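Trainee: The following comprises the amino acid sequence and a computationally predicted model.
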Amino acid sequence: MRWIILDNNQQTNAELEEFLNASLPKICVIGAGGSGNNTIERLTNIGVEGAFTIALNTDAQALIRVNADKKILIGKKTTKGLGAGSNPDVGASAAEESKDELIDLIKGKDLVFVTCGLGGGTGTGAAPVVARLAKEQGSLTIGVATLPFAVEGKKRIENALAGLDKLKKEVDTLIIIPNDKILEIAPDLPLNVAFQEVDKILTESVKGIVELITKSGIINLDFADLRTILSKGGMAMIGVGESNIEKGNDSRAMEAVENALTSPLLDIDITSSKKALVNVIGGSDLTIKESELIVDTVASKINEDAHIIWGAMIDDNLANKKVKVMVVIAGAHIPYLEEGYNSDDLKGMDLDIDSV
């Protein structure tokens, strides 16, 4: 028999690693419906450190193609695996039918993300049910949802707004990504490419928030920091900016943060914000000075009494020594939701795009 003798340092390090692993927050990302499944597929493929991915759908044929850590066909009796037919009530009933299985997966999780595209049947109907179950289990529950392109039709937009109203009541914070705002960034994108861009932004947003607390970085956050900002955060929007300048004192940092704060996706009155989360990502040459400049710039633009937390991470794969900034602004006035989809906009819109 071969014996391995550990010295005190080795034993202490092993004990510390075991303790740290046990104390890490348990996180899962749940994608409901077609759009939510796309997010889960992308997250699973690129990898998100410290999170378990779950895909939910009422459409068996669509679900079988998804790459996820766990897949659940919800509402087998309700839909027979044939989808929700763009009916959110069917999506909600399917989730209720499968709630015991969902609770088993959610139980014990500290942080649960619920992602979906609002407007269809499964995501719009099931996401509020899943979020409610997560909160009932004591999880910090974050919704990340997209709003339809205007060309997707009146019925889909009406479904989305009704679903938005339900979902925001069941989560701690709801991050909204309006699809139409992508077209302001790149107006000439074909619609199918625009959908892919929305999915990319949604995925990177979730990954960025998760890895702020699970991945080693220059400045790390802990779960308590995240809970402070996102618990009772209300409605939120996200801005993402990247520098095009490779070097030049503070130039790349300023360009990245200004691009994030002026992003069409961040269609929010940031001066009224109550909370902000800032994630700074750069290559190995990213400095603390640059990171602090970015955070100070955000602080100067938002409500002076707002609570800000931030982290900074190294990504050696970030091209050309650029800097990337993600800003989540919560608890602020969102003109887009109050003025963007008014009754006049919905008149005469008869085109509807079916999706789960």
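Mentor: Looks like it came in fine.

Trainee: quick one: which helix or strand includes A299?
Mentor: helix 288-301 (DSSP states H and E).

Trainee: Ok, D188 next?
Mentor: Short version, using DSSP H and E: D188 is in no helix or strand.

Trainee: again, but for E18
Mentor: helix 8-23.

Trainee: and S273, how many residues sit next to it?
Mentor: Look at S273: counted by other CB atoms under 10 Å, it has 25 neighbours. To be clear about C-beta, it is placed using only N, CA and C from the backbone, and glycine gets the same treatment.

Trainee: oh sorry, the question was meant for S284
Mentor: Residues near S284, counting by other CB under 10 Å, number 9.

Trainee: So it belongs to a helix, correct?
Mentor: No: using DSSP: H, G, I helix; E, B strand; the rest coil, the assignment for S284 is coil, not a helix.

Trainee: which ones are touching it?
Mentor: I314, D316 (CB atoms under 8 Å, 6 or more residues apart in numbering).

Trainee: just G125 next, same as before
Mentor: A84, N87, P88, D89, V90, G91, A92, S93, A94, A95, G163.

Trainee: May I ask you to confirm that it belongs to a helix?
Mentor: Yes: per three-state DSSP, G125 lies within a helix segment.

Trainee: buried residues in the helix holding A299?
Mentor: E290, S291, L293, I294, V295, T297, V298, K301 (16 or more other CB atoms under 10 Å).

Trainee: TSV for those residues, including distance to V206 and pLDDT?
Mentor: Formatted as TSV, these follow (distance: CB to CB, whole Å; pLDDT from 0 to 100):
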residue	distance to V206	pLDDT
E290	25	93
S291	22	94
L293	26	96
I294	21	96
V295	21	97
T297	24	97
V298	20	97
K301	24	94
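
Trainee: Pick out the residue closest to the middle of the chain.
Mentor: The residue lying closest to the centre of the chain (CA atoms, centre = their mean) is V206, at 3.6 Å.

Trainee: was I right about that residue contacting V112?
Mentor: No: applying CB atoms under 8 Å as the test, V206 and V112 come out as separate, 11.4 Å apart.

Trainee: Neighbours of L16, how many?
Mentor: By other CB under 10 Å, neighbour count at L16 equals 10.

Trainee: cool, and P88?
Mentor: Residues near P88, counting by other CB under 10 Å: 25.

Trainee: what do you get for G75?
Mentor: Count around G75 with other CB under 10 Å applied: 26.

Trainee: Pull the contacting residues for the closest residue to it other than its chain neighbours.
Mentor: Leaving aside its sequence neighbours, G75 sits nearest to A94 (CB to CB, 6 or more residues apart in numbering; 2.3 Å). A94 sits next to T58, I74, G75, T78, T79, A84, T122, G125, A126 when contact means CB under 8 Å, 6+ apart.

Trainee: May I have the strand or helix carrying I40 exported as PDB, CA atoms only?
Mentor: Using DSSP H and E, I40 sits in helix 33-46. Taking C-alpha atoms only, helix 33-46 is exported to PDB below (Å, rounded to 0.1, in the frame of the first residue of the first chain):
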ATOM      1  CA  GLY A  33     -39.300  28.300 -24.800                       C
ATOM      2  CA  GLY A  34     -37.500  28.700 -28.100                       C
ATOM      3  CA  SER A  35     -35.600  31.900 -27.300                       C
ATOM      4  CA  GLY A  36     -34.700  30.700 -23.800                       C
ATOM      5  CA  ASN A  37     -33.500  27.500 -25.200                       C
ATOM      6  CA  ASN A  38     -31.300  29.300 -27.700                       C
ATOM      7  CA  THR A  39     -29.700  31.200 -24.800                       C
ATOM      8  CA  ILE A  40     -29.100  27.900 -22.900                       C
ATOM      9  CA  GLU A  41     -27.600  26.300 -26.100                       C
ATOM     10  CA  ARG A  42     -25.100  29.200 -26.500                       C
ATOM     11  CA  LEU A  43     -24.300  29.300 -22.700                       C
ATOM     12  CA  THR A  44     -23.700  25.600 -22.600                       C
ATOM     13  CA  ASN A  45     -21.500  25.700 -25.700                       C
ATOM     14  CA  ILE A  46     -19.300  28.600 -24.700                       C
END
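
Trainee: In CSV, please show the C-alpha coordinates belonging to the helix or strand following that helix.
Mentor: Later in the chain than helix 33-46, the nearest helix or strand by DSSP H and E is strand 51-57. Extracted in CSV, the C-alpha atoms of strand 51-57 (Å, rounded to 0.1, in the frame of the first residue of the first chain):
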residue,chain,number,x,y,z
ALA,A,51,-23.6,27.6,-13.3
PHE,A,52,-25.9,24.6,-14.3
THR,A,53,-28.0,25.1,-17.5
ILE,A,54,-31.6,23.9,-17.8
ALA,A,55,-33.7,24.0,-21.0
LEU,A,56,-37.5,23.9,-20.7
ASN,A,57,-39.9,23.5,-23.6
